[in-house]
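only geometry, no sequence info:
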């Protein structure tokens, strides 16, 4: 039998994994802590978190005073879904 080798994780995937496995729910941390824990540069993490904020639910990233902070509000952050029932809440009722 041959082993199926896993593809190395990208930096983006490692950051998502960090949030899902290391951070506590509703416990904000400074970006400096994420830098320290992951070994990625501050600029890479800030750029990546801006992308995560656009594409994922359950994730927060904002500036507080002079510090950038981040946190999750659920057990696992998940990719935003295009087609969900909540989209109907914005539409006016139409008769069939």
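Arrived safely. Owing to the predicted nature of the structure, the values given are computational and were not obtained by experimental measurement.

how close does residue 71 sit to residue 82?
Distance, residue 71 to residue 82, using Cβ to Cβ, to the nearest Å: 25 Å. The C-beta positions use only the backbone N, C-alpha and C, and glycine is treated the same way.

comparing these two, which residue is more hemmed in?
Neighbour tally, residue 71 and residue 82, criterion other Cβ atoms under 10 Å: the higher count belongs to residue 71, 17 against 6.

span of stretch 32-50 from start to end?
End-to-end distance for stretch 32-50, by Cα to Cα, to the nearest Å: 15 Å.

give me the mean pLDDT for it.
The average pLDDT for stretch 32-50 rounds to 94.

go through that stretch and flag the buried ones.
Neighbour counts using 16 or more other Cβ atoms under 10 Å place 34, 35, 38, 40, 45, 46, 48, 49 of stretch 32-50 among the buried residues.

following the one helix or strand residue 12 maps to, which helix or strand comes up?
Here residue 12, judged by DSSP states H and E, is contained in helix 11-22. Tracing the chain C-terminally past helix 11-22 and defining elements by DSSP H and E, one meets strand 29-30 next.

who does that following strand pair up with?
Applying DSSP bridges, strand 29-30 is found paired with strand 67-72 (antiparallel).
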